[in-house]
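Visitor: here is a sequence with its predicted model. Questions after.
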Amino acid sequence: MESLSKEVIERCKATLLETKSEILNRVANAKKELYTGDDKGGDEGDQTMRALAETEFLSMNERLRKQLMEIEMALGRIESGTYGICEETEEVIETDRLLAIPWTRLSIEGAEIRESVSRRYAR
């Protein structure tokens, strides 16, 4: 079976660590912005805007948390030596795909298989 070069794995690891850092910074900055205003008082419009901002923050936070989990799992796969292996087909994931989405767990073929299975059972 073909395997990934150490150079590709190192590039992906660097991208994963950089993305992880960016996500953590985004969450910290968003939290600061959300809680730096005067939380008391204001008319109904102000209170509604604060509630909407908090809802948006929580939604963004959940998306980033899921992406952070994927990044952590990818870093774990690098450490365990299983990075770049498709969970569905057990074949090596395409290098271009890993460089574009280094936390991916599926090859293109594996993603298509999962999508067709989920469509079949969604009915």
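Guide: Good, I have the coordinates. Numbering: from 1, shown residues only.
Visitor: isn't R97 right up against I108?
Guide: Yes - contact criterion C-beta atoms under 8 Å: R97 and I108 qualify, at 6.4 Å. C-betas here are computed from N, CA, C, even on glycine.
Visitor: C-terminal to the helix ranked longest in the chain, what's the next element?
Guide: In the chain, taking DSSP state H as the definition, the longest helix is helix 44-80. Following helix 44-80 in sequence order, the next helix or strand is helix 95-100 (DSSP states H and E).
Visitor: what lies in contact with that following helix?
Guide: Here helix 95-100 makes contact (C-beta atoms under 8 Å, 6 or more residues apart in numbering) with 4, 8, 11-12, 15, 84, 104, 107-108.
Visitor: could you point out which residue ranges in this structure have low pLDDT?
Guide: Applying pLDDT under 70 to the chain picks out residues 1-2, 36-41, 123.
Visitor: ok, the spatially most central residue of the chain to E90 distance?
Guide: The centroid of the chain falls nearest to Q67 when counting by C-alpha atoms, centre = their mean (1.9 Å). Distance, Q67 to E90, using C-beta to C-beta, to the nearest Å: 24 Å.
Visitor: residue at max distance from the center of this structure?
Guide: Largest separation from the mean C-alpha position in the chain: D43, at 37.4 Å (C-alpha atoms, centre = their mean).
Visitor: on that earlier part again, what's near enough to touch the residue nearest to the centre of the chain?
Guide: Neighbouring residues of Q67 by C-beta under 8 Å, 6+ apart: 19, 23, 103.
Visitor: got a list of what the first one touches?
Guide: Contact partners of T19, counting by C-beta under 8 Å, 6+ apart, are 67, 71, 102-103.
Visitor: from the chain's centre, how far out does whichever helix or strand it is part of sit?
Guide: Assessed by DSSP H and E, T19 sits inside helix 6-35. Between the centre of helix 6-35 and the centre of its chain there are 10 Å (C-alpha atoms, centre = their mean, to the nearest Å).
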